[in-house]
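**Student:** with the sequence up front, the predicted model follows.
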Amino acid sequence: MFHQVWAALLHLFGILLNSIYQCPEYSQLTTQGVDGKEFPEPHLGRWYFIAGAAPTKEELVTFDPVDNIVFNMATGSAPMQLQLRATIRMKNGHCVPRKWIYHLTEGSTDLRTEGRPDMRTMLFSSSCPGGIMLKESGHGYQRFLLYNRSPHPHETCVEEFQSLTSCLDFKAFLRTPRNQEACELSSN
């Protein structure tokens, strides 16, 4: 009887603690965008990959050999399309160019990656100046990624991102070292 009462009290204490301690707020971007500008206009241009978080390390393994990544987001050649170009500086010093085409979802900031029908990308605001968060999910993985207009955002930006994602049970964390010079983005 004592054990049942003790278990019930612990359960009630857990519920109370859970209701008091909640994850910080984060919100999905709207099509209205920033400063009244229509999405995706405020998000075009150069971005630096800063950090990633996932439920498991396996979902971040693709970033293990990476030193830094610089991206450029531009409007695509067709309506409702974005072109993303990236240059990845590997830890071994090599530069690897990449390209993606994102398809915009009508009335939403959700993005679909061309050639990857299982992949979904959602954009979220960040409390960090010049920052944005992406949540990628696909077949067998999900991860949050932090990007910034600056290659070296303030340390509190990364700490807040790690705190938020940890609270959401994304316990694996990776920060790009950025020990080497970023590679030049190709123009095509």
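**Tutor:** Happy to help now that I have it.
**Student:** quick one: the spatially most central residue of the chain from Ile69, how far?
**Tutor:** The centroid of the chain falls nearest to Leu145 when counting by C-alpha atoms, centre = their mean (2.1 Å). According to C-beta to C-beta, to the nearest Å, Leu145 stands 10 Å off from Ile69. The way it works is simple: take the backbone N, C-alpha and C, and place the C-beta from them, glycine included.
**Student:** in which helix or strand would I find the residue nearest to the centre of the chain?
**Tutor:** Per DSSP states H and E: Leu145 is located in strand 141-148.
**Student:** can you give the distance of the following helix or strand past that strand from its chain's centre?
**Tutor:** Later in the chain than strand 141-148, the nearest helix or strand by DSSP H and E is helix 155-167. Helix 155-167 sits 12 Å away from the centroid of its parent chain (C-alpha atoms, centre = their mean, to the nearest Å).
**Student:** buried residues in helix 155-167, which are they?
**Tutor:** Buried residues in helix 155-167, counting neighbours by 16 or more other C-beta atoms under 10 Å, are found at Cys157, Val158, Glu160, Phe161, Gln162, Leu164, Thr165.
**Student:** stretch 80-94 too?
**Tutor:** Those would be Leu82, Gln83, Leu84, Arg85, Ala86, Thr87, Ile88, Arg89, for stretch 80-94 by 16+ other C-beta under 10 Å.
**Student:** which other residues reach it?
**Tutor:** Contacts of stretch 80-94 with the rest of the structure, by C-beta atoms under 8 Å, 6 or more residues apart in numbering, involve 40, 65-77, 95-104, 106, 111, 177, 180-186.
**Student:** switch to 7 Å and redo it
**Tutor:** Residues outside stretch 80-94 that contact it (C-beta atoms under 7 Å, 6 or more residues apart in numbering): 40, 65-76, 95-104, 180, 182-186.
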